[in-house]
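> Give me coordinates for this.
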Amino acid sequence: MRRSALIIALLVIGAAAVLADTRWWGSSISQSVARGSGPAIPVVTDKARRADVPIYLTGLGTVQAFNSVLIRSRVDGQIVKIRFEEGSDIHAGDVLIEIDQAPFEAALAQAKANELKDQAQLNNARRDLGRYSSLAKTGAGSAQQFDTTQALVEQLEASIKADQALVDTAQVQLNYTRIRSPIDGRVGTRLVDLGNIVRASDTTGIVTINQIHPIFVSFALPADSLGQLRAGSKDGDVIVVALNRDGQTLATGVLAVIDNQINPATGTINYKAKFDNADDVLWPGQFVNLRIQLATRRNVIAVPVTAVQQGPDGSYAFVVGDDRTVQKRALKVGARNKTTAIIDDGLQPGEQIVTDGQYRIQAGSKVQTESPVDAGPANSP
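Now for the predicted structure:
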C-alpha cells in the first residue's frame with residue numbers, strides 16, 4: 001500500500017515538471033519569434049508594382065440563338081420533298097420543304113378561268129353600252145336600257161376585281177407549297193418525315209432554325225451592376241469574355257442589351273452579350289462563365305490579391321524589409337479582380353509583400369523569401 005502511494009506521488013511530481021518545462025519552452029519560442037531571433041520562416045513573396053488593372057464583374061450565362069424560327073406550313077398538304085439535311089447550314093430563301101402542288105395549281109387555274117369568263121362578259125357589256133349610248137342620243141333607244149347596261153358594266157368590273165383577288169390568293173397559296181427559310185442559320189432535327197400530311201394549324205412545326213452567327217449569351221446580375229455597366233458603355237463597348245468551367249477563354253464579345261426593368265422578385269437585371277461565334281465554340285443552351293470588363297485603372301499600384309489580408313482593423317499586408325524582417329502594414333484597398341488588388345494607400349512600388357504563408361508569421365518575424373515562380377504549386381490558381 002505504501003509502495004503504491006509512493007509511485008503515484010512520483011508520477012504526479014514528474015508530470016508537473018514536464019508541464020512546467022513545456023510552458024517555458026513554448027514561451028521562449030514565442031518570444032524568440034517575436035524578437036525575430038528564431039529560424040527564418042519560408043514564405044512566398046512578390047513586389048508591389050505599377051500596372052494597368054482591368055476591373056470586371058463575373059456571372060453565369062446561357063447561350064441563345066441570335067434568331068430562332070420554328071418552321072411551320074402555311075397550307076394543308078402532303079410533303080413530297082425534303083430539301084435540307086439535318087444539322088446543315090442554310091441561307092435565307094433556301095427551299096426546305098415542298099408540298100404537293102396539284103390541288104393549289106388547280107385552284108389557281110379555276111380562279112384565272114373565272115376571271116377570263118367575267119372579262120368576256122364585261123367586254124360584251126361595254127359594247128352593248130356603246131350601242132345603247134348612241135341610240136339614246138338620237139332618241140331611237142331606251143334610256144332605261146342604257147341605264148341597265150351601264151349598271152351591268154359596273155357590276156362586271158367589280159367582279160373582275162374580285163376575280164383578280166381570288167387569283168392572287170390562289171397564287172399565294174401555291175407559293176406557300178415551297179417552304180423557304182426566313183433566316184440564315186443551322187437547321188436542327190426534323191419533326192416530320194417525307195409523305196406526312198401537314199396543316200397550317202399544326203403547332204409542332206417541321207424543323208427549327210437557329211441563327212448562331214452572331215450569337216447571344218444572356219445573363220443576370222444584381223441590380224447595382226446597372227450603374228456600372230451603363231457608365232462603362234458610355235466610354236465604348238463593354239467587353240464580355242465567355243469562359244469554360246476551367247476558366248479558359250472561349251470567345252470575346254460585347255454587351256448588346258440591357259433590359260428595361262429590374263426583376264423585383266430576384267433583384268437582378270437581365271443582359272445580353274453578342275459574340276461573332278465564327279468558330280462555333282458557343283452553342284444554344286450551353287452554360288458559360290462570363291467576365292464583364294467595366295473599366296481599366298491605369299498606372300495604379302497593384303499586388304496579387306492573395307497578399308491582402310483582413311483583420312479587425314481592416315485590410316493589411318506583411319511587408320518584408322531589407323533585413324528580411326516582416327512588418328504588418330495597414331492598407332487602403334481600391335477595386336480588385338480575381339487575381340489583382342489595387343492599393344490606393346499603404347504601399348509603394350517595389351516593396352516586397354508576402355503572398356503565401358501569412359499564417360506562419362507575425363510582425364517582427366524573420367522570413368526566407370521565395371518568388372512565386374520558385375514556389376511552384378503554392379502560387380497556382
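> any chance you could map the strands in the stretch 101-250 of the chain?
Assigned by DSSP state E, counting those that start in this stretch, the stretch 101-250 of the chain shows strands spanning 178-180, 185-187, 197-198, 207-222, 239-243, 249-263.
> oh, I was asking about the stretch 251-381 of the chain
Applying DSSP E, counting those that start in this stretch to the stretch 251-381 of the chain gives strands spanning 268-275, 287-304, 309-311, 314-320, 326-330, 332-336, 340-345, 352-356, 367-370.
> In the fifth one, which residues are buried?
Just to be clear, that refers to strand 326-330. Applying a neighbour-count criterion of 16 or more other Cβ atoms under 10 Å, the buried positions in strand 326-330 are Val326, Lys328, Arg329. In this view, the C-beta of every residue, glycine as well, is placed from N, C-alpha and C.
> With the fourth one instead?
The neighbour-count criterion (16+ other Cβ under 10 Å) identifies Ser315, Tyr316, Ala317, Phe318, Val319, Val320 as the buried residues of strand 314-320.
> Looking at the residues you listed, which is nearest Ala65?
Comparing the buried residues of strand 314-320 against Ala65 with Cβ to Cβ places Ser315 closest, at 44.8 Å.
> how near is the closest one to Arg178?
The gap separating Ser315 from Arg178 is 69 Å, by Cβ to Cβ, to the nearest Å.
> So which elements touch the helix or strand encompassing Leu60?
Assigned by DSSP states H and E, Leu60 falls within strand 49-71. Applying 3 or more Cβ pairs under 8 Å, 6 or more residues apart in numbering; DSSP states H and E, we find strand 49-71 packed against strand 185-187, strand 207-222, helix 225-234, strand 268-275, strand 287-304, strand 340-345.
> could the strands of the stretch 101-250 of the chain go into TSV alongside mean neighbour count, mean pLDDT and distance to Ile292?
Below are the strands of the stretch 101-250 of the chain laid out as TSV (neighbours: other Cβ atoms under 10 Å; pLDDT from 0 to 100; distance: least, Cβ to Cβ, whole Å):
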stretch	mean neighbour count	mean pLDDT	distance to Ile292
strand 178-180	18	97	38
strand 185-187	21	97	27
strand 197-198	18	95	44
strand 207-222	20	97	8
strand 239-243	21	96	5
strand 249-263	15	95	7
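> Would you convert these into JSON lines that also reports distance to Leu108?
Shown next, in JSON lines, are the strands of the stretch 101-250 of the chain (distance: least, Cβ to Cβ, whole Å):
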{"stretch": "strand 178-180", "distance to Leu108": "14"}
{"stretch": "strand 185-187", "distance to Leu108": "30"}
{"stretch": "strand 197-198", "distance to Leu108": "20"}
{"stretch": "strand 207-222", "distance to Leu108": "27"}
{"stretch": "strand 239-243", "distance to Leu108": "51"}
{"stretch": "strand 249-263", "distance to Leu108": "44"}
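> Tell me which of those approaches Gln293 most closely.
Closest among the strands of the stretch 101-250 of the chain, using Cβ to Cβ: strand 239-243, at 4.4 Å.
> Neighbouring strands - and their directions - for the closest one?
As defined by DSSP bridges, the strand partners of strand 239-243 come to strand 249-263 (antiparallel), strand 287-304 (antiparallel).
> export the ones you listed to JSON lines and tack on distance to Val43?
Output for those, formatted as JSON lines (distance: least, Cβ to Cβ, whole Å):
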{"stretch": "strand 249-263", "distance to Val43": "32"}
{"stretch": "strand 287-304", "distance to Val43": "13"}
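> quick one on the thing from earlier: from the buried residues of strand 326-330, which is closest to Gln211?
So of the buried residues of strand 326-330, ranked by how close each gets to Gln211 (Cβ to Cβ), first place is Arg329, at 54.9 Å.
> Contact partners for the closest one?
Tyr316, Ala317, Phe318, Val319, Gly346, Leu347 (Cβ atoms under 8 Å, 6 or more residues apart in numbering).
> quick revisit: with distance to Asp46 and mean pLDDT as new columns, can the strands of the stretch 251-381 of the chain be given to me in JSON lines?
JSON lines is the format used below for these (distance: least, Cβ to Cβ, whole Å; pLDDT from 0 to 100):
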{"stretch": "strand 268-275", "distance to Asp46": "33", "mean pLDDT": "97"}
{"stretch": "strand 287-304", "distance to Asp46": "5", "mean pLDDT": "93"}
{"stretch": "strand 309-311", "distance to Asp46": "14", "mean pLDDT": "93"}
{"stretch": "strand 314-320", "distance to Asp46": "10", "mean pLDDT": "95"}
{"stretch": "strand 326-330", "distance to Asp46": "14", "mean pLDDT": "94"}
{"stretch": "strand 332-336", "distance to Asp46": "15", "mean pLDDT": "89"}
{"stretch": "strand 340-345", "distance to Asp46": "11", "mean pLDDT": "94"}
{"stretch": "strand 352-356", "distance to Asp46": "5", "mean pLDDT": "95"}
{"stretch": "strand 367-370", "distance to Asp46": "10", "mean pLDDT": "88"}
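> right, so of these, which gets closest to Ala251?
strand 268-275 (4.7 Å).
> Show me what counts as buried in the closest one.
By neighbour count on 16+ other Cβ under 10 Å, the buried set for strand 268-275 is Thr268, Ile269, Asn270, Tyr271, Lys272, Ala273, Lys274, Phe275.
> looking at it, Leu108 is touching Leu174, isn't it?
Yes. Assessed by Cβ atoms under 8 Å, Leu108 is found in contact with Leu174 at 5.5 Å.
> residues touching the residue positioned nearest the centre of the chain, list them.
Note on the chain: the residue nearest the mean C-alpha position is Val217, at 1.3 Å, using Cα atoms, centre = their mean. Shown in contact with Val217 (Cβ under 8 Å, 6+ apart): 61-64, 240, 242, 253, 272-273, 275, 282, 288, 290.
> Same check on Ala51?
Counting by Cβ under 8 Å, 6+ apart, Ala51 has contacts Asn299, Val300, Ala302, Thr340.
> Let me have the residues you listed in JSON lines, adding distance to Leu57 and neighbour count as columns.
Conversion of these to JSON lines gives the following (distance: Cβ to Cβ, whole Å; neighbours: other Cβ atoms under 10 Å):
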{"residue": "Asn299", "distance to Leu57": "23", "neighbour count": "9"}
{"residue": "Val300", "distance to Leu57": "19", "neighbour count": "18"}
{"residue": "Ala302", "distance to Leu57": "19", "neighbour count": "23"}
{"residue": "Thr340", "distance to Leu57": "15", "neighbour count": "18"}
